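> Just to be clear, the model below is a prediction. Sequence and coordinates:
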Amino acid sequence: MSRAVGDIGEAKAVSYLQDQGFSVVDRNVSSRFGEIDIIVIKDEVLHFVEVKSSYNYDIAVQNITPKKMQKFIRTVDVYMKKHRLDMTYCIDALIVTPDEITLIENITL
């Protein structure tokens with residue numbers, strides 16, 4: 001998938017999250033381990049969101065691999081330490097397809 005399609009998916013994701021009552025804290029946060037697409041907060045819980053855009057839901061979900069999750073978790077750890085945050089957080093996936101947007105909260109390996 002092209003970067004342009006990913007950017008469109010991420011813009012849709014931000015709009016969706018805001019419509020669901022989340023407030024955007026940060027976007028496109030990088031560390032030497034990886035990148036966090038979107039960081040939002042709702043009800044005093046910080047959500048680190050991995051956005052996957054595809055024409056097919058199953059393909060998007062399959063792109064969240066164990067290796068990708070390890071890098072993502074390490075980047076979350078770096079972010080929490082760098083910003084000296086001590087609060088509840090979770091890691092979510094947001095799947096963007098042409099037909100729907102699906103938020104999968106608190107994903108694990």
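Yep, that arrived. Worth saying up front: this structure is predicted, and the values here are computed from it rather than measured.
> From now on I want contacts and neighbour counts done on CA atoms only, so please keep to that.
OK.
> Not counting its own residues, what contacts the helix or strand of the chain with the lowest mean pLDDT?
In the chain, the helix or strand scored least confidently by mean pLDDT, DSSP states H and E is helix 3-19, which has a mean of 83. Here helix 3-19 makes contact (C-alpha atoms under 8 Å, 6 or more residues apart in numbering) with 23-24, 37-38, 51-53, 94, 96, 101.
> Widest-spaced pair of these?
By the measure C-alpha to C-alpha, 23 and 53 form the most distant pair in the contacts of helix 3-19, at 21.0 Å.
> When those two are compared, which one has more neighbours?
Shown here are residue 23 and residue 53; by other C-alpha atoms under 10 Å, residue 53 has more neighbours (26 against 17).
> Pretty sure the more buried one sits against residue 100.
No: under the contact definition of C-alpha atoms under 8 Å, residue 53 does not touch residue 100, with a separation of 10.4 Å.
> How far off centre is the least confident helix or strand of the chain?
A distance of 11 Å separates the centroid of the chain from that of helix 3-19, by C-alpha atoms, centre = their mean, to the nearest Å.
> Okay, buried residues for that helix please.
Residues of helix 3-19 classed as buried by neighbour count (16 or more other C-alpha atoms under 10 Å): 6, 9-10, 12-14, 16-17.
> now, among the residues you listed, which is nearest to residue 65?
residue 6 (17.3 Å).
> Tell me which residues are up against stretch 27-38.
Stretch 27-38 is touched from outside by 10, 14, 24-26, 39, 48-51, 71-72, 74-76, 78, with contacts defined as C-alpha under 8 Å, 6+ apart.
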